[in-house]
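# With the sequence up front, the predicted model follows.
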Amino acid sequence: MLTIKDTAALSHQELIDLLTIIVSNMNDDGTIEIGKISTTILANSSNKFYVDGSRTDTYTETGSILTPYKTILGAITAIQILANAQIALGTQVAYDTTRYTIEVAPGIYSDNLTIGNMKYLGIKLNGATISGTILNATTMVGGAVSDYYSKLEFIGSPSSRAYRGRCGLISGVMTFTRNNDSLHYVNFTGVEVSNNVQFGTPTADTDGTFVVGLQNAYFSGSAKFISGYFTGASSNILIEAFSYNKILAHIAKQDGSATRASLYDCRDTYFDLINITPYENPTVKNCTFNSTTSIVASKTLSIDANSYKSLLAQSPTLTGMTISHLDYVNPTVLKEYFVDGNRTDSYTATGSIFAPFKTILAAITAINADSTIQQAVDPATYALQARYILNVAPGIYSDNLTIGNVKYLRINLNGAEISGNIAYDTTMVGGTADQYYSKLEFFGGNGIRAEKGNSGRITGTITGTRNNDSLTYVSFSGIDLVGNVKFTTQGTWVVHLHNTRVGAFFEGSSLNGGLVLLETTGWVEFTSAGHIANSADGSATTVSIYRAQNAEFDLINITPLTESIFYNCKFKSNVTITAQTIYIDANSYKSLLAQTETLTGATVSLMDDFLPAASAQEEIAGNVGGAISITKFLTFISSDAGGDAFTLAAGTAIRQQKKIIFRTDGGGDAVVTGAFAGAATTLTFNDAGECALLEWNGTDWIALELGSVIDLTNAPVIA
């Protein structure tokens, strides 16, 4: 007989959930097995659950990849039971374990969903549609939990244009509520949302600060709303948008009136109607406004020039707002010059559009002279004065160039080629090193494949020098770089490549603490001649690949001074990285391992789960034992009558996973020796069918799952 004590501690819904599990696991004679119930609830010790609505066969749904739930509702019900049990313990440690992921197979899921308290829930919509409503109702956890926030993510695909190919669609109304003014994060990545998203409802206000993160998201409901209805004076919506987002929904209350929302940090986003009273200062970069816009509050709107032009075209209402221009001061400060080497007529060149300079050298000479004047007049205001734009007409320009102290210089190469060498020589200009920075931009075009059509081409060598350890930003966008790029002295050089091709050496120097940080966005290609190494002999250079996205690399030989980050990258030649931590996603890591890599002295940390690239599984027969492969994900082992001894070496990367299954029990145990969590050194298999799913954390193998593929009782033991 089963007796449940202290049911008062359970909510009505939790009692229903528990009884549902008990009934579903009841035997034909009315008896139940506690083991079956606990297995149903705790089948996913790794906190990852699977859903496949296309399954029509009969089986016990546990949420594993082999026996997935058939509805998202089934997965969330099981997850909520797990989360509630941990939260009931009332400790920070217990609450921090309530992190779950749901992998959803393609299909249409119509159940209405209610998601309660948990630290994190990620729902990966692999082409799936959620047509039911979603209620995310969170409350104060209480107890000893002090660091309390929660996060809900809907993930389709990291690529842009979520509405092309439908990476994931949410067509039901989404409602978020919270009973206290604390942080709740809601992320949409590569997902299309076609209905209302409301924080609170038109008839029931809510508390809370909701941080809404958008990445390549599409809100397609042109007659729908993103709206907030709040009780507390500080409760609000903070919208953070990155990559490319398109929002056709109206950011306003559903009656069209103003809602309390802030465009907290929005980039590369298309907006329709906006009617907001922001609680925090908005920041907008490279955004498009396409309808009525009202932003009314005593706040500061930080905005770049392109976004501001788009905003002004809508005749916005900005009552109370202070405008802070991010890259535009006024026409008398930002000086613009023109160069046209095709002009053969005689005139006095002033650099205007009607009387352009005939060489880039003449324009740079004039810019250097003006910059020197600005420094002499007032070094304190130099940062506001020494800003220049140089527009170059198509042609080949062969003069060698020396660019001096300019706060900002952008060279627009409209199909032009610079075949001469470029020296960028900067020195200290007043103040202190930590207050002074400068920026040089070469801009060709927005599209990828800079080498096609020659958006901008530089065939000469580029050399950067600096006499102090302060920041210099160098940016190449839509440029075909054919000459070597060198940074040979002290200073911190932040080099940004966007939609650029590199066909030569890229190198840095650690002289007097010099630091080169390489960042890539868009699509960047290093050709077979594009090596990140010393140009003299191919030896290691002190470049740090600080943040690389969507880049294709050839030879790399670096001793970085900071961490390296790779996301969605491809490697075509030898890779040597001998210091610091390498943060890398699984696809990039597989590509790296396919080359001859030397990572001695560096620590590899995977940003997502990693399964070794080799697809073949390993089989070790009884009476053999020995080393278990770490280049293959799955290994079957067996033992003879006397038992067999095995060894498991360290993983190659943090978050690498390894699975071992004890196939044949010949009478003796199979004992695996290695580094396991908790200072354990052995993993012992006693009965056939026992299995272990392990993950490398950098120092030890931790057990994600210990069980059996045959029964529900046996499991290997770590000691």
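Perfect, I can see it now. Residues are numbered from 1 along each chain as shown.

# show me where pLDDT drops low in the stretch 401-550 of the chain?
Flagging of the stretch 401-550 of the chain using pLDDT under 70 yields the residue ranges 428-436, 448, 450-451, 453-454, 510-513.

# If you count neighbours, what's buried in the helix or strand hosting residue 76?
Counting by DSSP states H and E, the element that carries residue 76 is helix 72-87. By 16 or more other Cβ atoms under 10 Å, the buried positions in helix 72-87 come out as 72-84, 86-87. C-beta here means a position set from N, CA and C on the backbone, and glycine is covered the same way.

# do the same with stretch 662-676
For stretch 662-676, the buried set under the neighbour-count rule, 16+ other Cβ under 10 Å, comprises 662, 663, 665, 666, 668, 669, 670, 671, 672, 674, 675, 676.

# Could you do stretch 207-225 as well?
Buried residues in stretch 207-225, defined by neighbour count with 16+ other Cβ under 10 Å: 207-221, 224-225.

# Same question for stretch 291-305.
Neighbour counts using 16+ other Cβ under 10 Å place 292, 293, 294, 295, 296, 297, 299, 301, 302, 303, 304 of stretch 291-305 among the buried residues.

# Can you name the residues in contact with that stretch?
258, 262-263, 271-286, 311, 314, 316-328 (Cβ atoms under 8 Å, 6 or more residues apart in numbering).

# cutoff 6 Å now
Applying Cβ atoms under 6 Å, 6 or more residues apart in numbering, the external contacts of stretch 291-305 come out as 272-278, 281-285, 314, 316-324, 326-328.

# Strands - which of these land there?
Of the positions in the contacts of stretch 291-305, 274, 275, 276, 283, 284, 285, 322, 323, 324 sit in strands, assigned by DSSP state E.

# gap between the helix or strand containing residue 547 and the chain center?
For residue 547, the enclosing helix or strand under DSSP H and E is strand 543-549. Averaging C-alpha positions (Cα atoms, centre = their mean, to the nearest Å) puts strand 543-549 14 Å from its chain's average.

# What helices and strands are in contact with it?
Here strand 543-549 touches strand 515-521, strand 564-567, going by 3 or more Cβ pairs under 6 Å, 6 or more residues apart in numbering; DSSP states H and E.

# again, only this time at 8 Å
On a contact count with 3 or more Cβ pairs under 8 Å, 6 or more residues apart in numbering; DSSP states H and E, strand 543-549 meets strand 515-521, strand 556-558, strand 564-567.

# Quick check: what element follows the helix holding residue 76 along the chain?
Sequence-wise, the next helix or strand downstream of helix 72-87 (DSSP H and E) is helix 92-96.

# Give me the buried positions along that following helix.
For helix 92-96, a neighbour-count test (16+ other Cβ under 10 Å) marks 94, 95 as buried.

# Any of the contacts of stretch 291-305 buried? List them.
272-278, 281-285, 314, 316, 318, 321.

# Would you mind splitting this protein into its domains for me?
Per the record, the chain has its domains at 156-328, 395-610, 618-718, by automatic domain parsing.

# need these in TSV with distance to residue 385, can you?
Listed next are the domains of the chain as TSV, based on distance: least, Cβ to Cβ, whole Å:
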stretch	distance to residue 385
domain 156-328	14
domain 395-610	8
domain 618-718	49
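
# does residue 193 really touch residue 212, like I thought?
No: using Cβ atoms under 8 Å as the test, residue 193 is too far from residue 212 to be in contact (10.8 Å).

# circling back: ok, which of the helices and strands packed on strand 543-549 comes nearest residue 66?
strand 564-567 (30.5 Å; Cβ to Cβ).

# returning to what we had before: most widely separated two among the buried residues of stretch 662-676?
666 and 675 (26.7 Å).

# Quick check: the closest residue in space to residue 408 that isn't next to it in sequence vs residue 439, distance?
Leaving aside its sequence neighbours, residue 408 sits nearest to residue 387 (Cβ to Cβ, 6 or more residues apart in numbering; 4.3 Å). With distances taken as Cβ to Cβ, to the nearest Å, residue 387 is found 9 Å from residue 439.
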